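> below are the sequence and a predicted model; questions follow.
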Amino acid sequence: MPERMLRKTYKCCLGVYYMENQPENDRIKKFVAYFKSIFEHDLNMSSFSDRIRLQKLVYILSKAGLDLGYSFSWYLRGSYSSPLASDGYFYRDNKDKFDWSYKFEENEVNVIEKVSRISEFLKDENNSELLASILYLYYELDYKESQLITELKTRKPRFSDEEIKEALRAWGKVLGLVS
């Protein structure tokens, strides 16, 4: 079955919609390549940890300058995109059927290099969740400074003040504000 036909059938069945100016599998190729570059292993959608990391990485990358066009909302573990999850499962189910290789463009290399500064931090799914949650509260819900910390502690009481500070320092490294 041709790639486009299979993708359209899958898309139709799940009700997933894509940006018109982006070929259907490009976003998948990109997030698979981004994931492998940051975490140094292939995406395994059968792993709960990898599914969490994928969600958080794509959100974090969107705030660092690589927006793949996924919309996110708040869910149990913070930022979550149902279309991204669907695309992840499409990748899992079709991993051996297509060529998923992708060559980074210059702007992507720059952002990936910045986010790679905190790759060890992000390998812990709790750290990924915490940083993505902070960014979501800041960028999507417009919480600022002390309000953000208060809201974060209400929504995610398991994170300590020190863990929150560490996540903020990590984002500072991505932005080049902290070495």
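Sure thing, it's come through. Numbering: from 1, shown residues only.
> when you work out contacts or count neighbours from here on, use the C-alpha atoms and nothing else.
Fine.
> how about the secondary structure of the spatially most central residue of the chain?
Of all residues in the chain, the one closest to the mean position by C-alpha atoms, centre = their mean is Val58, 1.8 Å from it. Classification of Val58 by DSSP: H, G, I helix; E, B strand; the rest coil places it in helix.
> pretty sure it contacts Phe31?
Yes: at 6.9 Å, Val58 counts as touching Phe31 under the criterion of C-alpha atoms under 8 Å.
> from Ser46, how far off is Arg92?
With distances taken as C-alpha to C-alpha, to the nearest Å, Arg92 is found 8 Å from Ser46.
> who's more crowded, these two?
Arg92 (14 against 11; other C-alpha atoms under 10 Å).
> give the contact list for the residue lying closest to that one once chain neighbours are set aside.
Nearest residue to Arg92, sequence neighbours excluded (C-alpha to C-alpha, 6 or more residues apart in numbering): Met45, at 6.1 Å. If you count contacts by C-alpha atoms under 8 Å, 6 or more residues apart in numbering, Met45 has them with 51, 88-89, 92.
> please enumerate the helices of this structure.
Taking DSSP state H as the criterion, the chain carries its helices at 3-14, 26-39, 48-64, 82-94, 106-116, 119-123, 125-139, 145-155, 161-175.
> save those as CSV, and put in mean pLDDT and distance to Trp100 too.
CSV is the format used below for those (pLDDT from 0 to 100; distance: least, C-alpha to C-alpha, whole Å):
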stretch, mean pLDDT, distance to Trp100
helix 3-14, 39, 12
helix 26-39, 95, 5
helix 48-64, 97, 16
helix 82-94, 95, 9
helix 106-116, 95, 17
helix 119-123, 96, 22
helix 125-139, 96, 24
helix 145-155, 91, 37
helix 161-175, 94, 27
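> could those helices go into JSON lines alongside distance to Trp74?
Formatted as JSON lines, the helices of the chain follow (distance: least, C-alpha to C-alpha, whole Å):
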{"stretch": "helix 3-14", "distance to Trp74": "20"}
{"stretch": "helix 26-39", "distance to Trp74": "20"}
{"stretch": "helix 48-64", "distance to Trp74": "12"}
{"stretch": "helix 82-94", "distance to Trp74": "11"}
{"stretch": "helix 106-116", "distance to Trp74": "22"}
{"stretch": "helix 119-123", "distance to Trp74": "19"}
{"stretch": "helix 125-139", "distance to Trp74": "8"}
{"stretch": "helix 145-155", "distance to Trp74": "10"}
{"stretch": "helix 161-175", "distance to Trp74": "18"}
